[in-house]
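Asks: task: produce atomic coordinates for the following.
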Amino acid sequence: MKHTSFIDILVERFTVAIGEVAGSPVSPTAAGVRASQDARFGDYQCNAAMGLARSLKRKPREIAEAIVAAAKVDDLAEPLEIAGPGFINIRLRSDFLAGYLSEIPAPPSDARDDRLGMPTVASPQKVVVDYSSPNIAKQMHVGHLRSTIIGDVIARVLGFEGHQVIRQN
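Replies: Just a heads-up that it's a prediction; the model follows:
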């Protein structure tokens, strides 16, 4: 299995299913697959039935039922659920997740452990990160830490990518 994201796999499968229901090929953006905002409803959801209702002159729930029947996702998702007027809830199967994660290639044995196999940037740059310098004449409080922490995080990320970071405060 080539490693693409879960959502890319779902979009591919739902695009085919929606094309069958619509009677013509549809673009991947028409699949309407996105991460669920509430874990109670699953990991992902497909909202395509709502948008297709007008053009197909059918009820969104009927279209959702047809999409569920046409979707070939048994190998990666639990049985699909239709909620409300036509939302399709998708829960990924734990055995699919385990298999997917086990196929992620390990970093090369010669890779430094602290880089986790991530290469440095192709053309490193010299970057100056200027962050807070509290006024010692005033009382210190938690608000003074915010810009210091943000500046330090930015400096660490740029350094991890391979840039030469000059920290200035």
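Asks: low-scoring stretches of this protein, by residue?
Replies: 1-3, 106-117 (pLDDT under 70).
Asks: recalculate using a threshold of 80.
Replies: 1-4, 25, 29-30, 104-119, 132-136, 140-144, 169 (pLDDT under 80).
Asks: which residues of it fall in strands?
Replies: All strands of the chain, identified by DSSP state E, fall at 33-35, 44-46, 81-83, 87-90, 126-130, 164-168.
Asks: include distance to residue 105 and mean neighbour count when you put the ones you listed into TSV, please.
Replies: To be clear about C-beta, it is placed using only N, CA and C from the backbone, and glycine gets the same treatment. As requested, those are exported to TSV (distance: least, C-beta to C-beta, whole Å; neighbours: other C-beta atoms under 10 Å):
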stretch	distance to residue 105	mean neighbour count
strand 33-35	25	17
strand 44-46	25	23
strand 81-83	34	15
strand 87-90	26	23
strand 126-130	31	13
strand 164-168	30	14
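Asks: ok, how many other residues are close to the closest residue to residue 12 other than its chain neighbours?
Replies: In space, and not counting its chain neighbours, residue 12 is closest to residue 28: 7.3 Å by C-beta to C-beta, 6 or more residues apart in numbering. Counted with other C-beta atoms under 10 Å, residues neighbouring residue 28 total 13.
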